[in-house]
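Enquirer: pasted the sequence and its predicted model underneath.
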Amino acid sequence: MGLRMFLAGGVCLLLAAALTAPSSAQDLHRRYPDSSITFDLVSGFEVVVQAQIGEQDGLRFILDTGSSYSVIDRRVADRMGLHRRPGDVFNRNLFNFDRNLAVEWADASELRIGPIHVAAIPMIVISLAGISEFTGKADGIIGMDVLSRARKISIDYGRRRIFFELDEGSGSQPSALKAFVVPVVIQGISMHLLVDTGFQYVLLYKDRLRSALPQLRTEGEPRDGVIGHLQVTQVSLPGVQIFGPKAVTPVLLLDGPGKIDTGDLDGYLGPASLHARRLELDFAGNTLRWQ
């Protein structure tokens with residue numbers, strides 16, 4: 001499970017899910033020969049890449065579109081001697097699915113991932129092992145503050161390679177985009193789900209879903225379970241339309257978010273639930289594509 005975080009001032013962009021296939025790996029190699037990196041696929045869904053902070057190379061970072069900001073694990077920050085400071089009134093806490101967590105910040109002098117080079121970047125400092133069983137061995141998380149500096153990123157799960165499409169001079173300039181949100185139709189009602197490469201399921205907030213669909217239809221018996229610290233209920237929902245025909249889709253229901261303000265966000269879409277071989281997040285064209 002990746003780290004979900006929303007801090008004050010973040011910008012959500014509502015995108016259209018597109019059925020058109022992403023560019024082939026061969027075509028991407030021809031167009032962007034120096035703009036791709038390999039990755040390890042952990043637990044069947046988690047994309048782990050090599051990153052560099054300052055002179056510290058070979059760090060293992062999770063690529064997580066569900067994180068508004070990039071994160072460095074506390075043990076790595078300690079080892080590098082990074083000065084830490086508390087968040088101010090606007091960015092003191094991060095929202096992790098159903099709870100707020102207090103965070104510290106540190107300024108990294110430089111961060112590199114593939115062709116993206118950020119000369120100086122504020123990063124959240126937190127113990128990743130205390131957040132999720134899936135993040136404990138990582139050195140950090142690459143979030144949307146870094147990823148959205150590209151026009152487009154393409155993840156080839158079969159070849160374990162990520163392609164970055166950058167404008168001339170881009171890759172170093174910040175973007176206001178802090179979340180990648182797509183509309184998903186459930187039994188005729190549009191819900192807004194965050195595309196989260198650090199998550200493997202479709203998860204919906206129960207109160208948002210029940211409010212939008214008082215006569216919600218399910219199939220089979222619901223099953224209660226635990227994922228990390230989350231108490232969830234798995235149900236099969238008929239009439240789910242991510243793109244194309246409606247289908248019966250297994251989803252997780254989570255209590256909340258209660259009084260926590262998540263804007264129009266109704267839940268999360270883990271790309272692993274799409275069974276995608278290739279995934280393309282087009283920030284410039286406001287489009288999600290998969291095959």
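Expert: Everything's here; your move. Residues are numbered from 1 along each chain as shown.
Enquirer: roughly how far does Arg289 sit from Leu274?
Expert: 11 Å (CB to CB, to the nearest Å). All C-beta atoms are positioned from the backbone trio N, CA, C, and that covers glycine.
Enquirer: who has more neighbours out of those two?
Expert: Arg289 (21 against 17; other CB atoms under 10 Å).
Enquirer: these two touch, right, the more buried one and Ala276?
Expert: No. Look at Arg289 against Ala276 with CB atoms under 8 Å: they stay out of range, at 9.2 Å.
Enquirer: how many neighbours does Val103 have?
Expert: Residues lying near Val103 (other CB under 10 Å) number 20.
Enquirer: no, scratch that, I was asking about Ile124
Expert: There are 26 residues near Ile124, going by other CB under 10 Å.
Enquirer: which SS class is it?
Expert: strand (DSSP: H, G, I helix; E, B strand; the rest coil).
Enquirer: then the one 5 residues further on?
Expert: Under three-state DSSP, the three-state class of Ala129 is helix.
Enquirer: then Arg208?
Expert: What three-state DSSP gives for Arg208 is helix.
Enquirer: now it. Nearest residue, chain neighbours left out?
Expert: Asp266 (4.6 Å; CB to CB, 6 or more residues apart in numbering).
Enquirer: equivalent analysis for Asp196, please.
Expert: Per CB to CB, 6+ apart, closest to Asp196 is Gly66, 3.2 Å.
Enquirer: any low-confidence regions in this protein?
Expert: 1-34, 87-101, 131-136, 168-174, 228, 257-263 (pLDDT under 70).
Enquirer: which residue sits farthest out from the middle of it?
Expert: Each residue of the chain has a distance to the centre, and by CA atoms, centre = their mean the biggest one is for Gln215: 30.6 Å.
Enquirer: that one should be in a helix, yeah?
Expert: No. Under three-state DSSP, Gln215 falls outside any helix and is assigned coil.
Enquirer: so which residues of the protein form helices?
Expert: 25-31, 74-80, 144-147, 206-212 (DSSP state H).
Enquirer: now render those helices as TSV, adding distance to Ser127.
Expert: Listed next are the helices of the chain as TSV, based on distance: least, CB to CB, whole Å:
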stretch	distance to Ser127
helix 25-31	36
helix 74-80	5
helix 144-147	20
helix 206-212	29
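Enquirer: just name the most buried of those helices.
Expert: Neighbour counts (mean count of other CB atoms under 10 Å) averaged over each of the helices of the chain peak at helix 144-147, with a mean of 24.
Enquirer: I'd like to know which elements it is packed against.
Expert: Applying 3 or more CB pairs under 8 Å, 6 or more residues apart in numbering; DSSP states H and E, one finds that helix 144-147 contacts strand 116-118, strand 177-186.
Enquirer: which of the ones you listed sits closest to Thr233?
Expert: Judged by CB to CB, the one of those that comes nearest to Thr233 is strand 177-186, at 15.5 Å.
Enquirer: about what we covered before: which of the helices and strands packed on helix 144-147 sits most buried?
Expert: By mean count of other CB under 10 Å, the helices and strands packed on helix 144-147 have strand 177-186 as the most buried, with a mean of 21.
Enquirer: and it, what does it pack onto?
Expert: strand 11-14, strand 16-18, helix 144-147, strand 189-195, strand 230-241.
Enquirer: quick check: can you name the pairing partners of that strand and their directions?
Expert: strand 11-14 (parallel), strand 189-195 (antiparallel), strand 230-241 (antiparallel) (DSSP bridges).
Enquirer: for it, C-alpha coordinates in PDB please.
Expert: Provided in PDB are the C-alpha atoms of strand 177-186 (Å, rounded to 0.1, in the frame of the first residue of the first chain):
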ATOM      1  CA  LEU A 177      -0.800  19.200 -10.500                       C
ATOM      2  CA  LYS A 178      -0.800  17.300  -7.200                       C
ATOM      3  CA  ALA A 179      -3.400  14.500  -8.000                       C
ATOM      4  CA  PHE A 180      -4.500  12.600 -11.100                       C
ATOM      5  CA  VAL A 181      -8.300  11.900 -10.800                       C
ATOM      6  CA  VAL A 182     -10.500  10.100 -13.200                       C
ATOM      7  CA  PRO A 183     -14.300   9.700 -13.400                       C
ATOM      8  CA  VAL A 184     -15.700   6.200 -13.000                       C
ATOM      9  CA  VAL A 185     -19.400   5.500 -13.500                       C
ATOM     10  CA  ILE A 186     -21.000   3.200 -10.900                       C
END
